[in-house]
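Visitor: The following block contains a protein sequence and its predicted model.
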Amino acid sequence: MGGNDGLLEALRELRRRLDLDLLPLAIGDVETDRRALRELTGQLDDYLIPRLSAIDAPLLAVVGGSTGAGKSTLVNSLVGADVSVPGVLRPTTLAPTLVTSPADEAWFTAQNILPGLPRVTGDGHGQPGTLRVVTVPDLPPGLALLDPPDIDSVVTANRELAAQLLAAADLWLFTTTAARYADEVPWGFLRSARERSTALAIILSRVPQEALGVVKRDLTRLLEVNGLGGTRLFEVPELVLPEENARLPHSAVQPVADWLAGIAADSQARADVVRQTLSGALESLATRVPALADAVDRQLTAAEDLRSMTGAAYAGGLASFDVGMLDGSLLRGEVLARWQDFIGTGDLMRSLERRVGRFRDRLVALLTGRPASENELRVALESGVEALIRASADSAAEHALESWSSHPAGRALLEAAGVTAAGRLGRASADLPVRAEAAVRSWQAYVLGLVREEGADKRATARITSYGVNGAGLLLMLAVFASTGGLTGIEVGIAGGTSVLSQKLLEAIFGDQAVRTLTVKARTDLRSRVADLLGAEAIRFTDLLDAVQPPEDTALALRAAAHAVRDHRRELPVTDRQGALPEGAPPEGSPPEKSLPERSPPEGEGRPGTPPEGERHGRLPPAPTGFVLPAGDRHAAHDPNDQPNDQPNDQPPDAFPRTTDREAGEA
């Protein structure tokens with residue numbers, strides 16, 4: 001690693017930050033965000049980290065392109081062996097094939113690059129999801145060729161794998177055809193290569209001889225429009241091969257073979273290609289990582305929205321309980337009946353209301369002589385409070401479920417949880433009645449404690465002894481639900497004068513100010529216990545978020561990691577050599593190079609076509625004059641299988657005009 005240690009560690013730290021599920025919520029264009037995350041993670045694993053770990057490792061050139069562009073035939077012809085299986089049926093390349101020299105085999109079989117793809121060696125054809133590594137003895141060391149699936153394959157997994165392999169390449173040999181060069185799918189990849197400064201050459205194949213000039217001019221125009229002016233372009237006329245899986249004559253591929261051999265033989269040329277692509281990939285992190293951090297911010301905002309919705313729903317449930325606690329509804333029905341049994345009605349109540357002190361002894365006898373009624377009143381009051389809690393919790397759960405269902409992220413989480421679980425979330429949890437009963441009983445014990453504490457002085461102790469702690473406690477509980485906390489005086493009678501009498505009895509025991517204080521304390525404690533119950537109910541919703549939401553500092557950490565990579569980029573040496581790559585021959589004074597294997601053309605076959613004019617793109621060399629790559633994967637000039645597949649061909653207004661074979665011929 002040497003001087004790259006800091007940069008490599010910065011990349012590894014960035015990669016560690018991507019191990020979490022950063023985009024779990026369905027918010028915005030989340031599928032695009034997730035695809036960007038997969039691409040970033042893949043390029044770090046497949047290219048950036050392994051390449052920076054061994055910057056002098058063999059060069060990897062990926063021969064990518066559209067369906068029927070002749071990728072497999074080109075690879076077979078370049079290496080002089082049938083390592084890939086061309087044909088007219090689609091898709092042909094199911095498992096990508098990497099062709100390397102025996103000297104470089106260990107590097108590629110050790111899963112230094114593309115570590116997620118299991119290797120298949122030997123004569124096996126490989127299965128989808130594997131990487132087939134084939135050695136060719138005559139292939140010079142320093143450069144490997146990879147034949148991937150089609151970028152516009154009808155199989156989704158193949159398209160995704162093709163994109164992954166291209167992102168792992170040092171050099172793209174991008175192939176297209178005269179009939180498909182204006183399609184949007186290839187241009188999406190080419191613009192990606194431009195944005196990341198990937199070393200790139202384009203091979204235009206299956207061009208009818210009469211359309212060679214017009215198609216080349218139009219493709220050159222499109223390259224200029226898309227910011228790829230100067231890209232090295234090879235054009236190829238249409239040919240008929242003697243059989244379906246025939247290789248191209250060596251005379252047709254010798255220029256590109258010599259060009260690649262020159263790169264393989266020159267360590268500086270390889271380093272220039274690697275550093276161009278590596279530098280561009282590192283530069284792209286300056287925009288890709290912050291964009292990902294922005295997507296994470298959107299996730300956190302969506303999670304906060306769902307939490308706020310949940311909090312608002314259960315705050316509404318608590319407000320509903322407050323209303324039920326203060327509107328006197330608890331003192332009706334069963335509680336009122338039990339109160340009347342407990343305290344008596346008619347003339348006695350009216351007498352007590354007028355002269356509480358005078359008839360205190362008679363009231364004590366009445367209270368202490370009817371313990372059964374006292375217990376029934378306590379149970380009735382307890383049941384009423386529990387019912388109010390359950391109703392408030394049900395209402396809050398229903399509102400929370402409705403709010404989540406109206407939010408894309410919440411709706412997706414509910415769908416992931418399943419219909420049954422979502423239905424349960426729409427009502428109070430099954431164990432709430434048990435927890436509510438325990439909470440109410442604890443509150444009642446707290447109220448009795450307040451009564452004992454307030455009656456600690458001798459005068460109050462005597463009165464409480466006369467009435468009984470339980471009886472005084474019940475009067476205080478009734479006051480909680482029958483007044484406004486003692487702050488506005490005695491409330492107008494509710495349920496036949498219950499509140500008036502309980503208030504007067506309490507005042508007779510403790511005094512006006514003490515009653516106000518006791519009522520506020522009792523009500524506040526009950527409300528706090530109910531708030532805890534509803535908070536526990538709300539956790540059922542927030543638990544769904546906690547299970548998927550990334551840590552709060554994730555976006556900040558991603559931006560910091562991107563800054564660290566930028567700060568360490570100076571550790572990557574950048575060559576100043578212009579035209580450093582060979583033009584098909586080894587540098588002067590170097591030992592004789594080992595060229596790509598040669599194959600004599602079949603009898604009757606010559607070198608077709610006319611030599612194109614070479615141009616530079618980045619530091620890639622021009623090909624030798626006379627290079628014309630014939631068509632691959634086809635017998636005839638116009639194969640019926642070469643029809644547009646299910647991929648979109650949408651074109652920007654002036655960027656992707658299509659040129660048909662007929663139009664090209666007429667031109």
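Guide: Happy to help now that I have it.
Visitor: Could you list the buried residues of the helix or strand where Leu37 lies?
Guide: Taking DSSP states H and E as the criterion, Leu37 maps to helix 30-43. Neighbour-count burial for helix 30-43 flags 30, 33, 36-37, 39-43 (criterion: 16 or more other CB atoms under 10 Å). For every residue, glycine as well, the C-beta is placed using N, CA and C.
Visitor: Considering the residues you listed, which is situated nearest to Leu381?
Guide: Val30 (51.4 Å; CB to CB).
Visitor: and the closest residue to that closest one other than its chain neighbours, how many neighbours does it have?
Guide: Excluding the flanking residues, the one nearest Val30 by CB to CB, 6 or more residues apart in numbering is Leu23, at 5.8 Å. If you count neighbours by other CB atoms under 10 Å, Leu23 ends up with 22.
Visitor: how close does Leu23 get to Leu37?
Guide: 6 Å (CB to CB, to the nearest Å).
Visitor: who touches both of those two?
Guide: Shared contacts of Leu23 and Leu37, defined by CB atoms under 8 Å, 6 or more residues apart in numbering, comprise Ala295.
Visitor: picking up where we left off before, now do the helix holding Leu37: which elements does it pack against?
Guide: Helices and strands in packing contact with helix 30-43 are listed as helix 156-167, helix 267-326; criterion 3 or more CB pairs under 8 Å, 6 or more residues apart in numbering; DSSP states H and E.
Visitor: so the residue nearest to Val30, which of the three states?
Guide: coil (DSSP: H, G, I helix; E, B strand; the rest coil).
Visitor: That one against Asp294, yeah?
Guide: No. With contacts counted by CB atoms under 8 Å, Leu23 stays clear of Asp294, the gap being 11.3 Å.
Visitor: ok, now how distant is the closest residue to Ala417 other than its chain neighbours from His407?
Guide: Nearest residue to Ala417, sequence neighbours excluded (CB to CB, 6+ apart): Leu544, at 6.4 Å. Between Leu544 and His407 the computed distance is 12 Å (CB to CB).
Visitor: Of all the helices and strands packed on helix 30-43, which one is nearest Asn112?
Guide: The nearest among the helices and strands packed on helix 30-43, by CB to CB, is helix 267-326 at 13.8 Å.
Visitor: Just give the closest residue to Ser84, not the sequence neighbours.
Guide: Ser72 (3.7 Å).
Visitor: secondary structure class for that neighbour?
Guide: Ser72 - assigned by three-state DSSP - is helix.
Visitor: Please tell me I have it right and it contacts Val85.
Guide: Yes. Here Ser72 reaches Val85: they are 6.5 Å apart, a contact under CB under 8 Å.
Visitor: These two - which one has more neighbours?
Guide: Per other CB under 10 Å, whichever of Ser72 and Val85 has more neighbours is Ser72, with 22 against 16.
Visitor: do you know how far the more buried one is from Glu304?
Guide: On the measure of CB to CB, Ser72 and Glu304 end up 51 Å apart.
Visitor: low pLDDT regions in this protein?
Guide: Where the chain drops to pLDDT under 70, the residues are 1-3, 86-94, 124-126, 236-237, 239-245, 328-374, 455-471, 473, 482-512, 573-667.
Visitor: Could you pull out the strands in it for me?
Guide: For the chain, the strands defined by DSSP state E cover 59-65, 97-100, 119-120, 131-135, 143-147, 171-177, 199-207, 232-237.
Visitor: could those go into TSV alongside distance to Ala157 and mean neighbour count?
Guide: Putting those into TSV (distance: least, CB to CB, whole Å; neighbours: other CB atoms under 10 Å) gives the following:
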stretch	distance to Ala157	mean neighbour count
strand 59-65	16	26
strand 97-100	16	25
strand 119-120	17	16
strand 131-135	14	23
strand 143-147	16	27
strand 171-177	21	26
strand 199-207	25	26
strand 232-237	29	23
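Visitor: Using TSV, lay out those together with distance to Ala286.
Guide: Formatted as TSV, the strands of the chain follow (distance: least, CB to CB, whole Å):
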stretch	distance to Ala286
strand 59-65	24
strand 97-100	30
strand 119-120	34
strand 131-135	30
strand 143-147	28
strand 171-177	22
strand 199-207	20
strand 232-237	27
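Visitor: So Asp138 versus Val79, what's the distance?
Guide: 8 Å.
Visitor: One more: Gln164?
Guide: Using CB to CB, Gln164 is found at 23 Å from Val79.
Visitor: Comparing these two, which shows the higher neighbour count?
Guide: Neighbour count, other CB under 10 Å: between Gln164 and Val79, Val79 has more, with 25 against 21.
Visitor: The more buried one and Pro137 touch, don't they?
Guide: No. Contact criterion CB under 8 Å: Val79 and Pro137 do not qualify, at 10.3 Å.
Visitor: Just to check, Gly42 is in contact with Leu165?
Guide: No. If you go by CB under 8 Å, Gly42 and Leu165 don't touch, sitting 9.6 Å apart.
Visitor: Looking at Leu544 and His407, which one has more neighbours?
Guide: Using other CB under 10 Å, the more surrounded residue of Leu544 and His407 is Leu544, with 21 against 18.
Visitor: residue contacts, that one?
Guide: Contacts of Leu544 (CB under 8 Å, 6+ apart): 413-414, 417.
Visitor: Please repeat the previous calculation with a cut-off of 10 Å.
Guide: Residues in contact with Leu544 (CB atoms under 10 Å, 6 or more residues apart in numbering) are 306, 310, 404, 410, 413-414, 416-417, 421-422, 425.
Visitor: what's the nearest residue to Ile263 if we skip its chain neighbours?
Guide: Ala269 is the one closest to Ile263 (CB to CB, 6+ apart), at 4.9 Å.
Visitor: wait, the one you found sits on Gly142?
Guide: Yes. With contact defined as CB atoms under 10 Å, Ala269 reaches Gly142; the gap is 9.4 Å.
Visitor: where do the contact lists of these two overlap?
Guide: Common neighbours of Ala269 and Gly142 (CB under 10 Å, 6+ apart) are 59, 263.
Visitor: Let me know how buried Leu450 is, in neighbour terms.
Guide: By other CB under 10 Å, neighbour count at Leu450 equals 19.
Visitor: If you could redo that for Leu219, that was the one I meant.
Guide: Other residues close to Leu219 by other CB under 10 Å number 21.
Visitor: do you know how far it is from Arg194?
Guide: Noted for Leu219: a distance of 15 Å to Arg194, by CB to CB.
Visitor: what's the answer for Asp123, then?
Guide: 39 Å.
Visitor: Neighbour count for those two, which is higher?
Guide: Neighbour count, other CB under 10 Å: between Asp123 and Arg194, Arg194 has more, with 18 against 6.
Visitor: show me the contacts for the more buried one.
Guide: Arg194 neighbours (CB under 10 Å, 6+ apart): 200, 223, 226-229, 231, 280, 617.
Visitor: run the last query once more with 8 Å
Guide: By CB under 8 Å, 6+ apart, the residues touching Arg194 are 226-228.
Visitor: thinking again about what came up before, so the residue nearest to Val30 versus Ala387, what's the distance?
Guide: 44 Å.
Visitor: swap in Ala522?
Guide: Ala522 is 19 Å from Ala387, by CB to CB.
Visitor: what about the two, which has more around it?
Guide: Between Ala522 and Ala387, counting by other CB under 10 Å, Ala522 is the more crowded of the two (23 against 14).
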